[in-house]
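> next come a sequence and a model predicted from it.
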Amino acid sequence: MPIPDEFIQELKARTDIVDVISGYVQLKRSGRSMMGLCPFHNERSPSFSVSRENGFFYCFGCGAGGDAITFIRRIENLDYVEAIKLLAQRAGLTVPEQGRDDGTGRLKTRLYEANREAARFYHKQLYSPSGKQALSYLRGRGLTEKTIIHFGLGYSPSDRFELVNHLRSKGFSNAEIIQANLANESRKGNPFDRFSDRVMFPIIDLRGNVIAFGGRIMSDIKPKYLNTSDTLVFNKSRNLFAMQFAKNKADGRLILVEGYMDVIALHQAGFENAVATLGTALTQEQAMLIKRYCDEVIICYDADEAGQKATARAISILRPTGLRIKIVTVPSGKDPDEFIKSYGEQGSARFAMLLDRSGNDIEYRLKKLRSRYNIDITDQKVGFMTQAAFLISEIDNPVEQDIYITRLSSELGIEKSAFRQLVDRSNRKKAREHIKFEQRQAQEKMSAGKDRLNVQKHYNLRAANAEEAILALMVLNPDTASYVASTLKSSSFVTDPNRRIFEVLISKLENSSEISLADLSGQLTQDEMSSLARMLASRPRENDPRAAADEYISVLLEEGEKMTPEQMAAADNDTIMEQLRKMKEKKQ
């Protein structure tokens, strides 16, 4: 059964979309709206708009939009009912038991439960006779019992059917076990444990759900680490290991390391703001997640070639978010865990000193750049300065730029003005590239052919624009909505996506005199919500909504009488001549 409209109305009354989004995005007033940097894509200039008055958000950069429910669905990767529950909890409400469940919600719940039961099973196995070697390995790495329990570490038995049999005994079906990626499917269709004879690291989301696992082999068998593949409840690109703990200890900054053991060792040493990616290079989604909880990120990857490449990639992903970036290079090629242990009781203090002395990403990259050139040779000196100027031009703060220009020109014995010219040239080049990028974006926004939802708009531009204006008027002007509903039929809509949105609006008006986006998010897809939010965000306020509605309805009815290209191709000569005659009469 659907969630009662009465509950949705109560939730809507208690939910301020600006307050909800402010928990994730720093917003500043801009006219009647609030603006901020979009949390769904990297940008430097705010294009993310939130309207408290009309209860919607829209990003003019990436096109994401909708109501508070849609926002929570996107930012937390939840389905509709889960988003309702989160907002209800925030508002002090309890969702009625008869809440809608389309099957996907039920399956996600079962996958969460299967993962939780698997975590319990693995942890119990760690302290069984078969887990003796795994427990010895963890203790040999210096982990205390408190840390092992805190992270819920475990052991997957070598028998490839123990977990499957255990989960079956708890009522989980083969399909559920396989869909949770806790088991693989044999050629005969039978499940067998995905993880075997490995130390297990549960991966937990921000709400405390076990969503996946990482498993480390204790022999030389490859791969050393095996991770859960993407499932209905887990996406490796959107989560970070230990973020559920680190977000509460961030205090303005997070430490980004490479592996599970590095994170765990740092937490045990008192650095509870450490996180790691999940077997992949850092992604934009993870960078935006980091941005939600801190202003500064310290990258502490291995000093080997692979670690340096990963550091360079992480910098390129993190810099566009506006985060302050610092780089820690652990001496002697050690990882954080090894470094802390090597100093015994002084390990934590020594690592804290490394953090305090860490240089920012510009200094790190300048150092790497300098190592590639022999500045005693004129040509190489010029090459270094040219590349350094390009790097410094990435700095947005002009004062910080000037500091680097002054320092480098002094160190290398060249005129500051000459180096400044190199930096300014790079600045101008980047500015031209940025303008071209923005122009391309603007052209895409203006091009009807780029409408991701309504591909028919390109061939029916006038009708589609009238449809969008009508839909926006119905949401923004309650009196006009009822008038349009009594005047216009859905069959008058030329494009299918807009017709579907109109039909949903009409169905809502049967039980309510006005509608908002919050009333629609249960029936419209996220793309449809974004499309409707775009219509609302781009519409000017009408002085006379009823007159405007009449004008757009007239345009739509007129366009509806025209033949489509497909109809024209299939029509006989008499039909085509009649169509041309009607068009000529209307022009006179």
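Great, that's in hand.

> pull the contacting residues for residue 166.
Contacts for residue 166 (C-beta atoms under 8 Å, 6 or more residues apart in numbering) come out as 117, 121. (C-beta placed from N, C-alpha, C; glycine too.)

> redo that, cut-off 10 Å
117, 118, 120, 121, 124, 125, 157, 172, 177, 193 (C-beta atoms under 10 Å, 6 or more residues apart in numbering).

> now, which of those residues lie within strands?
residue 193 (DSSP state E).

> in JSON lines, list the contacts of residue 166 along with pLDDT.
Below are these laid out as JSON lines (pLDDT from 0 to 100):
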{"residue": "117", "pLDDT": "98"}
{"residue": "118", "pLDDT": "98"}
{"residue": "120", "pLDDT": "98"}
{"residue": "121", "pLDDT": "98"}
{"residue": "124", "pLDDT": "98"}
{"residue": "125", "pLDDT": "98"}
{"residue": "157", "pLDDT": "97"}
{"residue": "172", "pLDDT": "97"}
{"residue": "177", "pLDDT": "97"}
{"residue": "193", "pLDDT": "96"}
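
> wait, which of the contacts of residue 166 is closest to residue 337?
Nearest to residue 337 out of those is residue 125 (C-beta to C-beta; 24.1 Å).

> which of the contacts of residue 166 has the most neighbours?
When neighbours are taken as other C-beta atoms under 10 Å, the top entry among these is residue 118 (28 neighbours).

> so that one touches residue 163, yeah?
Yes: if you go by C-beta atoms under 10 Å, residue 118 and residue 163 touch, sitting 6.2 Å apart.

> now do the shared contacts for the two.
Jointly contacting residue 118 and residue 163 under the rule C-beta under 10 Å, 6+ apart are 156, 177, 182, 183, 193, 194, 195.

> farthest-separated two in the residues you listed?
Between any two of these (C-beta to C-beta), the greatest distance is 13.7 Å, for 156 and 177.

> now do the shared contacts for the two.
Overlap between the contact sets of residue 156 and residue 177, as judged by C-beta under 10 Å, 6+ apart, is given by 118, 163, 193, 194.

> now the second one: closest residue in space that isn't a chain neighbour?
Excluding its sequence neighbours, the residue lying closest to residue 163 (C-beta to C-beta, 6 or more residues apart in numbering) is residue 193, at 4.6 Å.

> dump the residue contacts of the one you found.
118, 156-167, 177, 182-184.

> just to revisit the earlier point, which one of the contacts of residue 166 is nearest residue 106?
Residue 106 lies nearest to residue 172 out of the contacts of residue 166, by C-beta to C-beta, at 13.1 Å.

> surely the closest one is in contact with residue 112?
No: the pair residue 172 / residue 112 is not scored as a contact, 11.7 Å apart, by C-beta under 10 Å.

> which residues do those two both contact?
Here residue 172 and residue 112 have residue 180 as joint contacts, going by C-beta under 10 Å, 6+ apart.

> number of nearby residues for residue 220?
Using other C-beta under 10 Å, residue 220 has 6 neighbouring residues.

> quick check: chain neighbours aside, which residue is closest to residue 467?
residue 498 (4.0 Å).

> ok, now residue 427?
Once flanking residues are discounted, residue 427 sits nearest to residue 393: 4.8 Å by C-beta to C-beta, 6+ apart.

> so who does that neighbour touch?
Counting by C-beta under 10 Å, 6+ apart, residue 393 makes contact with 401, 422, 423, 424, 425, 426, 427, 428, 429, 430, 431.

> surely the last one forms part of a helix?
In this case it means residue 431. Yes: under DSSP: H, G, I helix; E, B strand; the rest coil, residue 431 falls within a helix.

> from here on, call the first residue 348.
In the new count, where the first residue is 348, that last one comes out as residue 778.

> C-alpha coordinates for stretch 365-376, PDB please?
Presented in PDB, the C-alpha positions along stretch 365-376 are these (Å, rounded to 0.1, in the frame of the first residue of the first chain):
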ATOM      1  CA  VAL A 365      16.900  24.500   2.900                       C
ATOM      2  CA  ASP A 366      17.600  23.000   6.400                       C
ATOM      3  CA  VAL A 367      17.800  19.500   4.900                       C
ATOM      4  CA  ILE A 368      20.200  20.500   2.100                       C
ATOM      5  CA  SER A 369      22.300  22.700   4.400                       C
ATOM      6  CA  GLY A 370      23.400  19.600   6.200                       C
ATOM      7  CA  TYR A 371      25.300  18.600   3.000                       C
ATOM      8  CA  VAL A 372      25.900  21.900   1.100                       C
ATOM      9  CA  GLN A 373      27.000  25.300   2.200                       C
ATOM     10  CA  LEU A 374      24.300  27.700   0.900                       C
ATOM     11  CA  LYS A 375      24.200  31.400   0.600                       C
ATOM     12  CA  ARG A 376      21.300  33.700  -0.300                       C
END
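
> who's in contact with that stretch?
Outside stretch 365-376, the residues that touch it by C-beta under 10 Å, 6+ apart are 363, 380-387, 393, 395-400, 402, 404, 414-416, 418-419, 422-423, 433-434, 437-438, 635-636, 638-640, 642, 669.

> touching, residue 457 and residue 517? I think so.
No: taking contacts as C-beta under 10 Å, residue 457 lies outside contact range of residue 517: 11.0 Å.

> looking at those two, which is more packed in?
Remark: of residue 457 and residue 517, residue 457 carries more neighbours, 20 against 12, as counted by other C-beta under 10 Å.

> that one and residue 481, how far apart?
Distance, residue 457 to residue 481, using C-beta to C-beta, to the nearest Å: 28 Å.

> check residue 362 too.
Taking C-beta to C-beta as the measure, residue 362 falls 46 Å from residue 481.

> who's more crowded, the two?
Taking other C-beta under 10 Å, residue 362 and residue 481 do not tie; residue 481 has more neighbours (25 against 20).

> remind me which helix or strand the more buried one belongs to.
Element membership for residue 481 (DSSP states H and E) is helix 479-487.

> avg pLDDT for the next helix or strand after that helix?
As assigned by DSSP H and E, the chain's next helix or strand after helix 479-487 is helix 492-497. Helix 492-497 carries an average pLDDT of 97.

> which strands and helices sit next to helix 492-497?
On a contact count with 3 or more C-beta pairs under 10 Å, 6 or more residues apart in numbering; DSSP states H and E, helix 492-497 meets helix 451-473, helix 479-487, helix 607-615.

> then that helix to PDB, C-alphas only?
The C-alpha trace of helix 492-497 is given here as PDB (Å, rounded to 0.1, in the frame of the first residue of the first chain):
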ATOM      1  CA  GLU A 492      40.800  -7.000  21.100                       C
ATOM      2  CA  LYS A 493      39.000  -3.700  21.400                       C
ATOM      3  CA  THR A 494      40.000  -2.700  17.900                       C
ATOM      4  CA  ILE A 495      39.100  -6.100  16.400                       C
ATOM      5  CA  ILE A 496      35.600  -5.900  18.000                       C
ATOM      6  CA  HIS A 497      35.200  -2.200  17.100                       C
END
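
> for the residue nearest to residue 814, give its distance to residue 748.
As judged by C-beta to C-beta, residue 845 and residue 748 stand 48 Å apart.

> which one of those two is surrounded by more residues?
Under the criterion of other C-beta under 10 Å, the comparison of residue 845 against residue 748 puts residue 845 first, with 28 against 19.

> distance of the more buried one relative to residue 877?
In terms of C-beta to C-beta, residue 845 sits 14 Å off from residue 877.

> overlap in contacts of the two?
By the contact definition C-beta under 10 Å, 6+ apart, residue 845 and residue 877 are jointly contacted by residue 800.

> what's the residue nearest to residue 814 in contact with, if anything?
800-801, 803-804, 807, 810-811, 813-815, 817-818, 837, 875, 878-879, 882, 903.

> what residues sit buried inside the helix or strand where it lies?
For residue 845, the host element (DSSP H and E) is helix 843-856. Across helix 843-856, burial judged by 16 or more other C-beta atoms under 10 Å covers 844, 845, 846, 847, 848, 849, 851, 852, 853, 855, 856.
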